[in-house]
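*Asks:* Have a look at this fold, sequence not included:
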DNA sequence: AACGTGCGTAACTGGACAGTTAAGTAACTT
DNA sequence: AAGTTACTTAACTGTCCAGTTACGCACGTT
């Protein structure tokens, strides 16, 4: 769950969001932020160490791509808690749909 | 997404995990950690400010309970990325289960 | 070979944060 | 009312982290 610490920073979350749309060079990325290039370089390093992005050298360009695996890990971490708000929603459902058809039981998976 | 910063700390994640099993007093919580009581108190404050826990005074005890709403928010934040590894897993599925029965399609909800 | 471009690393600074001990507040006990 | 229990807040310390400017390195160009 090292990804959580990496994602705690809003700049890094924006980088992740940008890369979700497709890979980009370090410079292109940096141009979209109000901070200096080295700052972005450091953010990319943190993301890299957290496994969230991967680099590929292409000439003298460094192309960054998102690696979704840590996000999937995060999803897995979140999974056991899901019932907590599902419950809430279920309760809401129950409240809202009193007298719906009885076949409402569908546990996950 | 302030919850992400709160959850970046392992101690706070453990507190959240403990509270998922049921509410607890501050002291009971603190006893399960190798750090001092004030330290736990501060962690609880951070969690409280992130909306992840709620306190209730019961005599001189402070009973803490998990509030799953920020977790659900986090889940919602994660949702758009889900396709990224779903793709991956689909590819894996395809590879692993060449010629499994065709009725494999069950999207969530 | 000299130079420009694209990025990364180094060194430094300011601010946030987790931990500690000590002190403060509120409720129950006797 | 004096003391104990349960917890928080205050004040301080060390460490980490995001930002900056300056420098270094590799690739490509002419």
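*Replies:* That came through, no problem. Predicted, not measured: the structure shown is a model, and the values here were computed from it.
*Asks:* how about the residues of chain A near DNA strand C?
*Replies:* Residues of chain A lying close to DNA strand C (CB under 7 Å from any atom of the strand) are A:25-28, A:30, A:37-38, A:40-42, A:44-45, A:55, A:60-62. For every residue, glycine as well, the C-beta is placed using N, CA and C.
*Asks:* Just the buried ones out of those residues, please.
*Replies:* In terms of neighbour count (16 or more other CB atoms under 10 Å in any protein chain shown), the buried residues within those are A:26, A:30, A:40, A:44, A:62.
*Asks:* Make CSV out of these and add pLDDT.
*Replies:* Formatted as CSV, these follow (pLDDT from 0 to 100):
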residue, pLDDT
A:26, 97
A:30, 96
A:40, 98
A:44, 98
A:62, 97
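*Asks:* Quick check, central residue of chain A?
*Replies:* residue A:71 (5.0 Å; CA atoms, centre = their mean).
*Asks:* Surely it touches residue A:52?
*Replies:* Yes - A contact is recorded between residue A:71 and residue A:52 when judged using CB atoms under 8 Å, the distance being 7.3 Å.
*Asks:* what's the overlap in contacts for the two?
*Replies:* Between them, residue A:71 and residue A:52 have residue A:3 as joint contacts when contacts are counted by CB atoms under 8 Å, 6 or more residues apart in numbering or on different chains.
*Asks:* if I pick the closest residue to residue A:40 other than its chain neighbours, what's in contact with it?
*Replies:* The spatial neighbour of residue A:40 that comes closest, neighbours along the chain excluded (CB to CB, 6 or more residues apart in numbering or on different chains), is residue A:30 at 4.2 Å. Under the criterion of CB under 8 Å, 6+ apart, the contact partners of residue A:30 comprise A:36, A:37, A:40, A:41.
*Asks:* Same question for residue A:45.
*Replies:* For residue A:45, no residue counts as a contact, taking CB under 8 Å, 6+ apart as the criterion.
*Asks:* where's the closest residue to DNA strand D within chain A relative to residue A:25, distance?
*Replies:* Ranking the residues of chain A by distance to DNA strand D (CB to the nearest atom of the strand) places residue A:36 first, at 3.1 Å. From residue A:36 across to residue A:25, the span is 16 Å (CB to CB, to the nearest Å).
*Asks:* what does residue A:61 give?
*Replies:* Distance, residue A:61 to residue A:25, by CB to CB: 5 Å.
*Asks:* same thing with residue A:44?
*Replies:* As defined by CB to CB, residue A:44 lies at a distance of 11 Å from residue A:25.
*Asks:* Give me the common contacts of those two.
*Replies:* Looking at what touches both residue A:44 and residue A:25 (by CB under 8 Å, 6+ apart), the common residues are residue A:64.
*Asks:* could you pull out the strands for chain A?
*Replies:* The residue ranges that make up the strands of chain A, judged by DSSP state E, are A:24-25, A:53-58, A:61-66.
*Asks:* Contacts for the first one next, please.
*Replies:* Under the criterion CB under 8 Å, 6+ apart, residues A:18, A:58, A:61, A:62, A:63, A:64 lie in contact with strand A:24-25.
*Asks:* follow-up on the earlier one: tell me which of the strands of chain A lies nearest to residue B:3.
*Replies:* Proximity to residue B:3 (CB to CB) singles out strand A:61-66 among the strands of chain A, at 21.4 Å.
*Asks:* can you name the two of the contacts of strand A:24-25 that are farthest apart?
*Replies:* The farthest-apart pair in the contacts of strand A:24-25, when distances are taken by CB to CB, is A:18 and A:58, at 17.7 Å.
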